[in-house]
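**Student:** predicted structure and sequence below. I'll ask about it afterward.
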Amino acid sequence: MKTSKYTDTQILSILKQNEQGVSVAELCREHGMSDATFYKWRAKFGGMDTSLMKRMKELEDENRRLKKMYAEERLKAEIRLEALEGKL
């Protein structure tokens, strides 16, 4: 997955500037990003502070790890079923 060239604190800073009245077009031009990126960030991180953003990132990482574990265990279970069917 592609990583952002902006840190969490930079994203929050950009969103705060918009809340303080700086236009979206001006922010995008200043930081070299698209309008779509800004609106995606606002939808995802709007109203958060640094600690909430950090917690959300931790939960996303844990969720990714658990999904991978589940997929591996499911694959092992399917292999066991195929092996049992082959012995019968």
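**Tutor:** Noted; the coordinates are in hand.
**Student:** output the contacting helices and strands for the longest helix seen in the chain.
**Tutor:** When the chain is parsed with DSSP state H, its longest helix is helix 50-87. Counting contacts by 3 or more C-beta pairs under 8 Å, 6 or more residues apart in numbering; DSSP states H and E, helix 50-87 packs against helix 8-19. (Glycine included, C-beta is placed from N, CA and C.)
**Student:** one more time with 10 Å
**Tutor:** helix 8-19, helix 35-45 (3 or more C-beta pairs under 10 Å, 6 or more residues apart in numbering; DSSP states H and E).
**Student:** mean neighbour count, distance to Lys76 and mean pLDDT for the ones you listed - can I get that in a markdown table?
**Tutor:** Rendered in a markdown table, the data for these read as follows (neighbours: other C-beta atoms under 10 Å; distance: least, C-beta to C-beta, whole Å; pLDDT from 0 to 100):
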| stretch | mean neighbour count | distance to Lys76 | mean pLDDT |
| --- | --- | --- | --- |
| helix 8-19 | 15 | 36 | 91 |
| helix 35-45 | 14 | 35 | 92 |
